[in-house]
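Undergrad: return a 3D structure for these sequence lines:
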Amino acid sequence: MATEKDAVIREELGSLHGMPFHKSFMEGWPQVEAFQARPDDLLIATYPKSGTTWLSEILDMIYHDGDVEKCRRDVIYNRVPFLEMKVPGMLSAPRPAGVEQLEKTPSPRLVKTHLPIHLLPTSFQDKGCKVIYMARNPKDVVISYYYFYQMAKLHPDPGTLAEFLETFLAGKAAYGSWYEHVRGWWDKRQEKWLLYLFYEDMKKDPQREVRKILQFLGREVSEGTVARILHHTSFQEMKKNPAANYETIPTSMMDHNLSPFLRKGISGDWKNHFTVAQNERFDEHYRQHMAGSDLVFQMEV
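TA: Predicted structure coming up:
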């Protein structure tokens with residue numbers, strides 16, 4: 001007999017206001033849309049596979065003044081609840097929906113979302129919440145997303161890389177068009193409540209970017225604390241940390257044998273995957289869809 005858990009595995013995506021979206025997430029959309037933010041909430045927003053877990057771990061470390069043990073007390077998806085997540089039976093015990101989880105989380109809360117800005121619950125701006133958005137170059141995003149689709153069985157079967165590349169370029173991957181996502185948030189970058197970061201800048205100079213975050217949050221920490229944060233949130237440390245690497249999620253939902261959740265954490269991996277023809281096609285598509293925007297990405301570091 002099929003179980004509720006089986007029902008969400010490899011299910012085709014639905015559509016939420018025209019955006020490709022997990023059907024199980026759509027069931028909880030009325031609660032997400034009506035979500036009541038608190039003024040001291042900090043929202044972490046990204047398009048999928050853009051350094052979300054990395055940024056979440058950095059912020060949790062900042063919120064706990066660099067105390068590594070406090071940041072290992074629980075898995076990252078409990079420390080930073082995923083707002084729109086609703087997946088029956090995702091863990092050994094049914095995992096509460098993101099909204100339910102957040103309602104039980106004491107302030108100040110860290111909140112994660114992949115929603116484009118036009119679908120963000122209005123209470124975040126009504127309450128004046130701060131938001132940190134991190135964007136990553138699309139060539140690396142599509143490669144990382146392809147491997148994630150393979151291992152995270154909530155997604156439809158991605159097919160071959162060539163097939164998934166077409167899915168991505170057509171804006172048919174979960175959360176829709178990368179272009180609309182990064183540009184939508186970029187258009188609000190002058191707002192005092194938003195800090196817009198780039199994955200590639202974080203790779204090049206993590207200390208500078210962490211300092212930028214601290215300034216945005218109005219926090220002062222010692223050099224020693226910054227050093228601890230940088231060490232604990234390095235890819236090598238996070239990859240071996242069960243509280244950050246998602247290995248606690250059952251293989252029935254995330255198969256780390258197909259691809260680890262934290263796979264490479266580098267910039268420029270697309271060069272190991274794209275053919276010359278695929279790269280040329282991507283470049284032309286990028287030029288067309290980013291025309292008229294002053295948003296610029298580094299395709300490698």
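Undergrad: make it CA atoms for all contacts and neighbour counts henceforth
TA: OK.
Undergrad: what residues of stretch 107-123 count as buried?
TA: R109, L110, V111, K112, T113, H114, L115, P116, I117, L120, P121, S123 (16 or more other CA atoms under 10 Å).
Undergrad: so which residues make contact with that stretch?
TA: Applying CA atoms under 8 Å, 6 or more residues apart in numbering, the contact partners of stretch 107-123 are 32-37, 40-48, 52, 56, 59-60, 79-84, 102, 175, 180-181, 184-185.
Undergrad: okay, and which of those residues map to helices?
TA: Mapping these onto helices (DSSP state H) picks out V32, E33, T52, S56, L59, D60, R79, L102, E180, H181, G184, W185.
Undergrad: now the first one. Nearest residue, chain neighbours left out?
TA: On the basis of CA to CA, 6 or more residues apart in numbering, the spatially nearest residue to V32 that is not a chain neighbour turns out to be E84, at 6.0 Å.
Undergrad: for the third one, same thing?
TA: Distances taken as CA to CA, 6+ apart put T46 closest to T52, at 6.3 Å, once the chain neighbours are dropped.
Undergrad: so that neighbour touches A135, yeah?
TA: Yes. Counting by CA atoms under 8 Å, T46 does reach A135; the two are 6.3 Å apart.
Undergrad: hang on, the earlier thing: and the pLDDT for the residue nearest to V32?
TA: Per-residue pLDDT puts E84 at 97.
Undergrad: selecting buried members of the contacts of stretch 107-123 in ChimeraX, what would you type?
TA: This is how ChimeraX selects the buried members of these, with burial counted by 16+ other CA under 10 Å:
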select :32,35,36,37,41,42,43,44,45,46,47,48,52,56,59,60,79,80,81,82,83,84,102,175,180,181,185
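Undergrad: what segments of the chain are strands?
TA: Secondary structure of the chain by DSSP state E: the strands cover 14-16, 19-21, 42-46, 110-113, 130-135, 194-198.
Undergrad: let me have the ones you listed in CSV, extended by mean pLDDT and distance to T160.
TA: Shown next, in CSV, are the strands of the chain (pLDDT from 0 to 100; distance: least, CA to CA, whole Å):
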stretch, mean pLDDT, distance to T160
strand 14-16, 97, 21
strand 19-21, 98, 19
strand 42-46, 98, 25
strand 110-113, 98, 27
strand 130-135, 98, 25
strand 194-198, 98, 28
